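Chemist: Only the shape, not the letters, is given here:
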């Protein structure tokens, strides 16, 4: 039995792929009479790394699809859906860049952190877009709606992001093996969340500036436009149901 371990920042996936490719050549070097000898893998750590990568991708896709569905149902805006979906991979990319700058690698723990953050990366962008739509309904120019919408939720979104990040602060006070295992996970989540907030302050308003103006005429308060698709019809039905519920409970 031959045990092969990686060193430094070497990629587990690259090493395993290289070993699988070289095995046929190694078998040819065996002495005569050893043709019946079978070379096989007993353990393969790349399976867990591949599973972690698939987990990150799966979580990002699920978050994007569910958020897209909710935005289409309640705002009837494919442009807003596009803006929010773009913010997810950008946040993950920013987290990977920050981890790389600190000397961390893409491993099971950092991938686990990114998978953990995948479902909540859409929060800041979603709140931003919804508030911009609310200001569009109340009137004003596109620039005014974006500025008001961004300013109104800047502090609440920042506090919400910090509340998520502060949960991982105690991990940085660990020592020994636990520190080297869980600190990368915490860094991956914190960097992704901070990147999500920064993108909601910069990229999301910029996208809104160039993508949402065609929808200005469809967001006037008390004058909802006639729905043009099934999502608009569902949104109008939900709005009517909420109004009826508010009247029945004496609330507005």
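Modeler: Good, I have the coordinates. Since the structure is predicted, the reported quantities are computational estimates derived from the model, not experimental observations. Numbering: from 1, shown residues only.

Chemist: is it fair to say residue 120 lies in a strand?
Modeler: No: applying DSSP: H, G, I helix; E, B strand; the rest coil, one finds residue 120 to be coil, outside a strand.

Chemist: Let me know how buried it is, in neighbour terms.
Modeler: Residue 120 has 17 neighbouring residues, counting by other Cβ atoms under 10 Å. The C-beta positions use only the backbone N, C-alpha and C, and glycine is treated the same way.

Chemist: and if you look at residue 129?
Modeler: Number of residues near residue 129 (other Cβ under 10 Å) recorded here: 28.

Chemist: Please apply the same query to residue 169.
Modeler: By the other Cβ under 10 Å criterion, the neighbourhood of residue 169 contains 10 residues.

Chemist: how close does residue 77 get to residue 91?
Modeler: Relative to residue 91, residue 77 is positioned 21 Å away (Cβ to Cβ, to the nearest Å).

Chemist: same check, this time on residue 63
Modeler: Separation of residue 63 from residue 91 (Cβ to Cβ) stands at 11 Å.

Chemist: anything in contact with each of those two?
Modeler: Common neighbours of residue 63 and residue 91 (criterion: Cβ atoms under 8 Å, 6 or more residues apart in numbering): residue 121.

Chemist: Neighbour count for the two, which is higher?
Modeler: The neighbour count for residue 63 versus residue 91, taken as other Cβ under 10 Å, is higher for residue 91 (30 against 20).

Chemist: which residues in the stretch 51-200 of the chain form helices?
Modeler: 78-101, 108-118, 122-138, 142-166, 177-201 (DSSP state H, counting those that start in this stretch).

Chemist: Residues in contact with the fourth one: which ones?
Modeler: The one in question is helix 142-166. Contacting residues not belonging to helix 142-166 are listed as 120, 123-124, 127-128, 131-136, 140, 189-190, 193-194, 196-197, 200-201, 205, 208-209, 212-213, 216 [Cβ under 8 Å, 6+ apart].

Chemist: can you rerun that using 6 Å?
Modeler: Helix 142-166 has contacts (Cβ atoms under 6 Å, 6 or more residues apart in numbering) with 124, 127, 131-132, 135-136, 190, 193, 197, 205, 208, 213.

Chemist: for the second one, same thing?
Modeler: For helix 108-118, the external contacting residues (Cβ under 6 Å, 6+ apart) are 48, 52, 55-56, 59-60, 63, 92, 99, 104, 184-185, 188-189, 192.

Chemist: quick one on the thing from earlier: of the helices of the stretch 51-200 of the chain, which is nearest residue 23?
Modeler: Closest approach to residue 23 among those is made by helix 108-118 (24.6 Å; Cβ to Cβ).

Chemist: now stretch 1-16: mean pLDDT?
Modeler: What stretch 1-16 shows for mean pLDDT is 80.

Chemist: Contacts for that stretch, please.
Modeler: Residues from elsewhere that reach stretch 1-16, judged by Cβ under 6 Å, 6+ apart: 45-46, 49, 105.

Chemist: How about it, which residues are buried there?
Modeler: 12, 15-16 (16 or more other Cβ atoms under 10 Å).

Chemist: What is the end-to-end distance of that stretch?
Modeler: Terminal residues of stretch 1-16 lie 16 Å apart, using Cα to Cα, to the nearest Å.

Chemist: If anything else comes up later, I'll come back, but that's it for now.
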